[in-house]
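> build me a structure from this.
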Amino acid sequence: MDTQRIVRTFTEYYEQRGHRRVTGSTLLPPPGDPVLFTTSGMHPLTPYLEGRPHPLGRRLVNVQRCLRTTDLEEVGDRTHLTVFEMLGTWSLGDYEGPTSLEWGYGLLTEGFGVDPRLLCATVFGGDDRTGPDTASLDLWERLGVPVERTVEDNWWDNGPTGPCGPDSEIFLWTGTTPPESTPTRDGRWVEVWNHVTMRYRRLDDGSLMPLPQRNVDTGLGLERLAAVLQGRDSVFDCDVFEPWRRLVPPLWPLDEPSFRLVGDHLRAAVVVLGDGVRPANSGRGYVPRRLVRRLLTVLLRDDPSRTLADLPVELIGHTLDRFGQSAGAGPVREVLLDEERRFGRLLERGRRVLDRPRFRGPLGEDDYRYLHDTHGLPRELVRGLRGQ
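Numbers count the residues shown, from 1 in each chain. Below you'll find the predicted structure:
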């Protein structure tokens, strides 16, 4: 089942259950949102989760592109991407969490054909602020799905303040043996779907205040689900990355972790640029700049002659088309090449600075801070130049 069919199956399943499809927005959050980029499908819907009536009603479904820089250090493993698509559903004061979980179970087992024996769930076990999520626990036990109780892992929020609540996460077994252990103890359990019962707002002092309505907010990572359904070892092996697998290795022979990082960061940079963001030294523009410099550090590590000028325009166009962006592949490519030239000049300056006697030994925090604040050399670049 390719990703297009997964999206169609998902949206049609929920449309049959009274959900109206919301058009996914760009990576840029709505005005007034303090974050730089949309990190989840609920971002554009925050006012409606807090009680404002949505023009399409109380049951919604969408496909939202998201960007998370908090996971940059995780990119290279089997499941993390910087830019990804999130399949989402919402109940705005309509049905409750157990209904959402039962529908999710039905879609996975009947719509996507997942063997129920390969499922496991986690639920919120309760803490000193609020009690355990017994409704979700009862639902999973009734369906015969093994369930594990946690605390921190099953409480969802979108920052220090704002909407939050207990969640129940659904995991799929990816091991070659029959399922064993639990999601918190065995990495072969891969989380694919999070169902949040969003019933509170966290205030500045950390206290919880009930929201005007009890919502359900779910998010399912498309690439992660596709990899599992397609029997692939990682998200980088699903059909979304087929052109990258085909075109990049002959151009730049890379080991697997390096291929994943370069492919992920290039793809993410193209999507950010496609949404109109331009590289800068701070704010939103620093994200594409950082992505390009991270991937170039890896790309040039083994062969300094490598250049983004060799990157097939087909890959840029494929990515822009994939995310429904109207930006031209040619202009996006020119921005990437300009960033590469800027990075080259930064490398030259960095090498001269690091040749100074002060920096020839081990570097401490004060050294890294000085190199960044005075010379614009981020820690990861300094480490790359020093071969660390």
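> Val151 against Val123, yeah?
No. The criterion here is CB atoms under 8 Å, and Val151 misses it with Val123 at 10.4 Å. Glycine gets a C-beta too; all of them are placed from N, C-alpha and C.
> who has more neighbours, these two?
Legend: neighbour count by other CB atoms under 10 Å for Val151 and Val123, higher for Val123 (27 against 13).
> so that one bridges to which residues?
Beta-bridge partners recorded for Val123 (DSSP bridges): Arg149.
> that one: what's it in contact with?
Shown in contact with Val123 (CB atoms under 8 Å, 6 or more residues apart in numbering): 132-133, 136-137, 140, 147-150, 154, 166, 168.
> in this protein, mark out all the helices, start to finish.
3-15, 46-49, 97-106, 134-143, 222-229, 242-251, 256-274, 286-302, 313-322, 329-354, 365-375, 379-385 (DSSP state H).
> make JSON lines from these and add mean neighbour count, distance to Arg201 and mean pLDDT to it.
As requested, the helices of the chain are exported to JSON lines (neighbours: other CB atoms under 10 Å; distance: least, CB to CB, whole Å; pLDDT from 0 to 100):
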{"stretch": "helix 3-15", "mean neighbour count": "16", "distance to Arg201": "26", "mean pLDDT": "97"}
{"stretch": "helix 46-49", "mean neighbour count": "18", "distance to Arg201": "9", "mean pLDDT": "87"}
{"stretch": "helix 97-106", "mean neighbour count": "20", "distance to Arg201": "17", "mean pLDDT": "98"}
{"stretch": "helix 134-143", "mean neighbour count": "17", "distance to Arg201": "20", "mean pLDDT": "97"}
{"stretch": "helix 222-229", "mean neighbour count": "23", "distance to Arg201": "29", "mean pLDDT": "94"}
{"stretch": "helix 242-251", "mean neighbour count": "14", "distance to Arg201": "41", "mean pLDDT": "95"}
{"stretch": "helix 256-274", "mean neighbour count": "23", "distance to Arg201": "30", "mean pLDDT": "96"}
{"stretch": "helix 286-302", "mean neighbour count": "21", "distance to Arg201": "28", "mean pLDDT": "91"}
{"stretch": "helix 313-322", "mean neighbour count": "18", "distance to Arg201": "35", "mean pLDDT": "95"}
{"stretch": "helix 329-354", "mean neighbour count": "16", "distance to Arg201": "39", "mean pLDDT": "93"}
{"stretch": "helix 365-375", "mean neighbour count": "13", "distance to Arg201": "36", "mean pLDDT": "87"}
{"stretch": "helix 379-385", "mean neighbour count": "17", "distance to Arg201": "36", "mean pLDDT": "79"}
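> for Arg214, find the nearest of those.
helix 97-106 (8.6 Å; CB to CB).
> helices or strands up against the closest one?
strand 83-92, helix 134-143, strand 162-173, strand 189-202, strand 208-221 (3 or more CB pairs under 8 Å, 6 or more residues apart in numbering; DSSP states H and E).
> what residues sit buried inside the last one?
Of all the residues in strand 208-221, those buried under the rule 16 or more other CB atoms under 10 Å are 211, 213-221.
> same check, this time on stretch 110-119
Neighbour-count burial for stretch 110-119 [16+ other CB under 10 Å]: 111-112, 114, 118-119.
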